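Enquirer: after the sequence you'll find the predicted model.
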Amino acid sequence: MLARRYEAATLEQALARVREDLGPEAVVLYTRERRPPRWWRWFQPGHAEVIAMPPAAAEAREAPVSWEAAQPIRLSRGRCRRVAFVGPTGAGKTTAVAKLACEFRLRGWEVRVVSADTWRAAAHRQLLDSVKAAGIPVHPPSGLSAGLGAELVLVDMPGLHPSMSERWEAVREVLAQLRPHEVHLVLSAAYAPAVLRRVQDDLRELRPTRCVLTHLDEVEPAQVRAALSSLALPVSYVTYSPRVPGEVASARSRLGARWLEVSACSCG
């Protein structure tokens, strides 16, 4: 695995575990520390988390790969932005939607989620369980016609394949009803380059303008570079664990760029 997660009571202890396991040259990608109030520490100790990778893996980042970072979702108070997420089955659409919904809700935006994947029985329940702590409602596709009164509406579409004619028709109907401002194509960094190119070609009809690259914590740097070189779309977001909320980053952020494991980029 490319990256490893370390948890401890303090950030210093977590970093010490990183150095012990990976050596002093380990590359730290992400740190987070939560310290309860002093009077509460008797009952609940602090918690720190570090994501790091071995130095050998970091060296692979030195080979430059040209890629384009798309603008992240931009919102305006009092105005609704509708964003659809499409892609093949298993790419990580539902998790990406849940992560982004929680991210924007925690920033104070009014968010609604639409679960349009009626073929996978667990999809609706997965969304409900992932975003309920943030107080985000999950609606069926029929809720679009009534208007959701939100500043951000994220729509989780069913997984697609050229042979799934019924799903294609349903997706076309939802998109026609939604009239999204943005369509993001969700792709796994674990896909082979040939698969990435074929998926982008197969789903071109849906007019995605950018892509979300998922599962970055499950692949090696060479796979990330191969994936980036196979993309015809700019990258909007990356995800690097199945955990919700958190662990999603804009490709234009420093953290997102580090996860993409390249030393040169072309940001549009």
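Expert: Good, I have the coordinates.
Enquirer: what's near enough to touch the nearest residue to residue 231 once chain neighbours are set aside?
Expert: Among residues not flanking residue 231 along the chain, residue 211 sits closest, at 6.3 Å (C-beta to C-beta, 6 or more residues apart in numbering). Every C-beta, even on glycine, is put in place using the N, C-alpha and C of the backbone. Each residue near residue 211 by C-beta atoms under 8 Å, 6 or more residues apart in numbering is listed here: 70, 184-187, 200, 231, 233-236.
Enquirer: quick one: residue 211 is in a strand?
Expert: Yes: counting by DSSP: H, G, I helix; E, B strand; the rest coil, residue 211 is located in a strand.
Enquirer: ok, it to residue 81 distance?
Expert: To residue 81, residue 211 is 18 Å away according to C-beta to C-beta, to the nearest Å.
Enquirer: what is the helix or strand containing residue 16 packed up against?
Expert: Assigned by DSSP states H and E, residue 16 falls within helix 11-22. Under the contact criterion of 3 or more C-beta pairs under 8 Å, 6 or more residues apart in numbering; DSSP states H and E, helix 11-22 touches strand 4-8, strand 27-34, strand 47-53.
Enquirer: ranges for the strands of the stretch 151-268 of the chain?
Expert: Along the stretch 151-268 of the chain, counting by DSSP state E, counting those that start in this stretch, strands occupy 152-156, 182-188, 210-214, 235-239, 248-250.
Enquirer: so can I have a markdown table of those showing mean pLDDT?
Expert: Below are the strands of the stretch 151-268 of the chain laid out as a markdown table (pLDDT from 0 to 100):
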| stretch | mean pLDDT |
| --- | --- |
| strand 152-156 | 94 |
| strand 182-188 | 97 |
| strand 210-214 | 97 |
| strand 235-239 | 96 |
| strand 248-250 | 95 |
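Enquirer: show me what residue 112 bridges to in the sheet.
Expert: residue 153 (DSSP bridges).
Enquirer: before we move on, what's the pLDDT of it?
Expert: The model reports residue 112 with a pLDDT of 93.
Enquirer: contact partners for it?
Expert: Here residue 112 is in contact with 136-139, 148-150, 152-154 (C-beta under 8 Å, 6+ apart).
Enquirer: what do you get for residue 71?
Expert: Taking C-beta under 8 Å, 6+ apart as the criterion, residue 71 is in contact with 236, 252.
Enquirer: is residue 111 in contact with residue 103, as I believe?
Expert: No: using C-beta atoms under 8 Å, residue 111 is not in contact with residue 103; the gap is 9.1 Å.
Enquirer: neighbour count for those two, which is higher?
Expert: residue 111 (25 against 22; other C-beta atoms under 10 Å).
Enquirer: which stretches of the stretch 51-200 of the chain have low pLDDT?
Expert: Along the stretch 51-200 of the chain, segments meeting pLDDT under 70 span 56-64, 145-147.
Enquirer: and with 50 instead?
Expert: The stretch 51-200 of the chain contains residues with pLDDT under 50 at 60.
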